[in-house]
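Student: take a look and give me a structure for this.
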Amino acid sequence: MALSGKLIGYVEISKKGDVFHDLFRHNPHEIVAIAPNKVHDCELHDGERGAVGSIISWHYTHEGKRKICKQIIEAVNEENHMAVFKVIGGDIVEELYKSLTIILHVEQKGDGQVATWTFEFEKPNVSVPYPTSMMDYLCDLVKDLDAQGSTNNYNQKFMALCGKLIGHVEVSKKGDIYNLIRYNPNDIAVISSDKVHGCDLHDGDRGTVGSVISWHYTHEGKKKISKQIIEAANDENHLIVFKVIGGDLVDELYKTFTITLNVDKKGDKEVATWTFEFEKPDTSVPYPTSLMDYLCDLVKDLDTYNNTK
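Tutor: This next block holds a predicted model:
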């Protein structure tokens, strides 16, 4: 399963980016006044309020418990309304993650504004959950702040419906994983028969952009199908993009779902990276963390097989 990764959540807002940027950087006491049930204080330990290098502690309630999150502001971009907070103490890193960095970015998207939360995390072991609950908490907090003084009506407790989940897996051979998945998917059914049972080709040539395929696989104890079109591929960069157009994922769960695989060198290591871009129809639909673990485990199976050849 993925121990390191990235989770991204998007929230549509009505206020301009500088408002949120100022709230989280310079005026956190106003957040306490607007959402006292969620945020109780933001202490300044070192440096000037909102400055790069300053150290702060948020006191907040999450999942019914009072918690503390000590952070250092690592980077700020006034023009792009972006701030980077590295967690250096408190419940999150002392009890759960080896490392966690939180990025807030507000930008124009079409006719509106979008607040984007990005979590870059490393888990100590596979039993630690993905930080999806914290993502929902912060997206919900943004909606509380946006609703203050706004005429907009929100008909549900808002959590991120659109998002991105990224998982990294270290592998030993660069091209083999990519080539198996793009050009020889039915070999995967032989290598990892408990997970993958076949890959039908419906249209086009195997592995080409525009070709349509269906994966037959078992996930969470159930046999499933995922019909996909290959939207993009790059042999040089070992990158392939699958848009899900049918099957259990989009028929039963998500409004849209795109899967990208990229195998690349990072430092002295080869890393396979899965990226999911998704849209949920409502907040009851879970984040696709189980599928991420499934695909990361599949990559490990393939990599182990490659090393025995």
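Student: show me the domain layout of the protein.
Tutor: The record's domain parsing of the chain by automatic domain parsing lists 4-160, 169-308.
Student: what's next to stretch 49-66, contact-wise?
Tutor: 25-26, 28, 37-48, 67-76, 88-90, 133-134, 137 (Cβ atoms under 8 Å, 6 or more residues apart in numbering). Any C-beta I mention is one placed from the backbone N, CA and C, and that applies to glycine too.
Student: sorry, back to before: need the domains of the chain in CSV (columns: mean pLDDT and mean neighbour count).
Tutor: As requested, the domains of the chain are exported to CSV (pLDDT from 0 to 100; neighbours: other Cβ atoms under 10 Å):
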stretch, mean pLDDT, mean neighbour count
domain 4-160, 88, 17
domain 169-308, 93, 16
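Student: doesn't Glu236 lie inside a strand?
Tutor: No: counting by DSSP: H, G, I helix; E, B strand; the rest coil, Glu236 is not found in a strand; it is coil.
Student: hang on, the earlier thing: from the contacts of stretch 49-66, which land in strands?
Tutor: Judged by DSSP state E, the contacts of stretch 49-66 include 39-46, 67-76, 88-90 as members of strands.
Student: show residues contacting stretch 280-299.
Tutor: With Cβ under 8 Å, 6+ apart as the test, stretch 280-299 has contacts from 1-2, 5, 7, 126, 129-130, 132, 135-136, 156-159, 161-163, 165, 167, 169, 171, 177, 188, 192, 195-196, 219-220, 249, 253-255, 257, 259, 272, 274, 276, 278.
Student: can you tell me how far Pro124 is from Leu3?
Tutor: 8 Å (Cβ to Cβ, to the nearest Å).
Student: where do the helices sit along the stretch 201-309 of the chain?
Tutor: Here the stretch 201-309 of the chain has its helices, by DSSP state H, counting those that start in this stretch, at 248, 289-308.
Student: as a markdown table, those with distance to Asp235 would be great.
Tutor: Conversion of the helices of the stretch 201-309 of the chain to a markdown table gives the following (distance: least, Cβ to Cβ, whole Å):
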| stretch | distance to Asp235 |
| --- | --- |
| helix 248 | 30 |
| helix 289-308 | 18 |
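Student: of all those helices, which one comes closest to Lys109?
Tutor: helix 289-308 (25.1 Å; Cβ to Cβ).
Student: let me know the pLDDT of Met1.
Tutor: pLDDT, Met1: 55.
Student: surely Leu138 and Tyr10 touch.
Tutor: No: between Leu138 and Tyr10 there is no contact under Cβ atoms under 8 Å: 11.7 Å.
Student: need the overlap of contacts for these two.
Tutor: Common neighbours of Leu138 and Tyr10 (Cβ under 8 Å, 6+ apart) do not exist.
Student: before we move on, back to that, closest one to Val106 among the helices of the stretch 201-309 of the chain?
Tutor: helix 289-308 (25.7 Å).
Student: against Ile55, how distant is the nearest residue to Gly89 once chain neighbours are set aside?
Tutor: The spatially closest residue to Gly89, leaving aside those adjacent along the chain, is Lys70, at 3.3 Å (Cβ to Cβ, 6 or more residues apart in numbering). Going from Lys70 to Ile55 by Cβ to Cβ gives 7 Å.
Student: what residues does stretch 72-84 touch?
Tutor: With contacts defined as Cβ under 8 Å, 6+ apart, stretch 72-84 is touched by 17-18, 20-21, 24-25, 47, 50-56, 85-86, 88, 101-107.
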